[in-house]
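**Student:** here is my input, please return the structure:
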Amino acid sequence: MPSKGSGDFERGYIIAIGGCENWVSPDVCEKLRSICLSSESKALILNISEQQIEHHIATVLSDNGFVECSTIEIKSRQDAQNPQLLAQMMNIDLLVIAGERPLQISTLIGGTPIAKQLRKLNADGVHIVGTYGAAALLSEHMIAGGQEGTTPTQNGVTMAPGLGLTNRFMVDYHFEQQGRLGRLLTALSYNPFTLGIGIDDGTALFISPREELEVFGTGAATLIDPSNLQYSSMGSAGSGDPISLFGLQMHILAQGARFTCEQKAYDEHWA
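**Tutor:** Residues are numbered from 1 along each chain as shown. Sure thing, here's the model as predicted:
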């Protein structure tokens, strides 16, 4: 569940970046820098993996205006409970979570002081980025795995608790390349009160504090809205059976597109 924070600040952005690499493009970095209010913005990278993660995120952030960019390694649940690491997470403007498999990331930090601190930081105005598997981690209901294909099936997705920065959206990454529409639809059949978002490689989705979605990058974000779902056969389907879903809405957001969730309004502003 999202943290209420101190109540003294506007909630920070939540940014999910698609793809199977821990990478932030210079164009996305420029947007990240623009949403930071400080003239001397500081960034922190959390590498959450039992194995060594190689990336150049710190270099890209530094090259695009962040005056400081430090890194914390989380390789065990003991690390995620280290008070010294918690102290290093203070006084920053942007935090990037780098990791590969969503379930491994969740297993390492779920229920730990690090996870609680991440929710509090976001509630108090720190922008949180999830790359690669950490893109799926950001939401409360996390897609941890599932079958490839476009048809939803009764056992087509594996769900697990995520970080819980938002309970309004469910995110899947590396979307178009792996044919993950079916597993996103299956996840929505279990959780029809959320919006499902599939993010292509090379694409970043910015979720504002007011739940406005904006897309940057070379691909697109696929938004599945089940709020008008009229019928789902999930309750009567047998193991592995295809699922019928009536009344879903789909929106495709490419570079420059915005979608406001509360009013279900869109704005295509090619700047």
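**Student:** which of the helices and strands in this structure ranks last by mean pLDDT?
**Tutor:** strand 265-268 (a mean of 58; mean pLDDT, DSSP states H and E).
**Student:** in the sheet, who's paired with Pro161?
**Tutor:** Beta-bridge pairing for Pro161 (DSSP bridges): His141.
**Student:** what about it, how many neighbours?
**Tutor:** Residues contacting Pro161 under the criterion other C-beta atoms under 10 Å number 15. C-beta: built from backbone N, CA, C; applies to glycine.
**Student:** that one against Leu137, yeah?
**Tutor:** No: assessed by C-beta atoms under 8 Å, Pro161 is found out of contact with Leu137, at 9.8 Å.
**Student:** find residues that contact each of these two.
**Tutor:** Residues touching both Pro161 and Leu137 (C-beta atoms under 8 Å, 6 or more residues apart in numbering): Ser106.
**Student:** quick one: stretch 176-184 to chain centroid distance?
**Tutor:** 16 Å (C-alpha atoms, centre = their mean, to the nearest Å).
**Student:** how far does that stretch stretch from start to finish?
**Tutor:** Using C-alpha to C-alpha, to the nearest Å, the end-to-end distance of stretch 176-184 comes to 12 Å.
**Student:** what about that stretch, average pLDDT?
**Tutor:** What stretch 176-184 shows for mean pLDDT is 83.
**Student:** show me what counts as buried in it.
**Tutor:** Glu176, Gln178, Arg180, Leu181, Gly182, Arg183, Leu184 (16 or more other C-beta atoms under 10 Å).
**Student:** now do Asp27 against Gly198, distance only.
**Tutor:** For Asp27, the distance to Gly198 equals 21 Å [C-beta to C-beta, to the nearest Å].
**Student:** more crowded one of the two?
**Tutor:** Each of Asp27 and Gly198 has its neighbours counted (other C-beta under 10 Å); Gly198 has more, 28 against 15.
**Student:** which residues touch the more buried one?
**Tutor:** Here Gly198 is in contact with Val171, Asp172, Tyr173, Phe175, Glu176, Arg180, Leu181, Leu184, Ala221, Thr222, Ile224 (C-beta under 8 Å, 6+ apart).
**Student:** apart from its neighbours in sequence, what residue is nearest the fifth one?
**Tutor:** For Glu176, the nearest residue in space outside its immediate sequence neighbours is Asp200; the separation is 4.7 Å by C-beta to C-beta, 6 or more residues apart in numbering.
**Student:** in the stretch 151-271 of the chain, mark out all the helices, start to finish.
**Tutor:** Using DSSP state H, counting those that start in this stretch, the helices of the stretch 151-271 of the chain run over 175-178, 181-190.
**Student:** could you dump the ones you listed to a markdown table with distance to Glu100?
**Tutor:** A markdown table is the format used below for the helices of the stretch 151-271 of the chain (distance: least, C-beta to C-beta, whole Å):
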| stretch | distance to Glu100 |
| --- | --- |
| helix 175-178 | 14 |
| helix 181-190 | 18 |
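**Student:** among these, which is nearest Gly149?
**Tutor:** helix 181-190 (4.4 Å; C-beta to C-beta).
**Student:** distance from the chain centre to that closest one, please.
**Tutor:** 16 Å.
**Student:** show me what that helix is packed against.
**Tutor:** Using 3 or more C-beta pairs under 8 Å, 6 or more residues apart in numbering; DSSP states H and E, the elements in contact with helix 181-190 are strand 141-146, strand 157-161, strand 169-172, strand 195-199, strand 220-225, strand 245-246.
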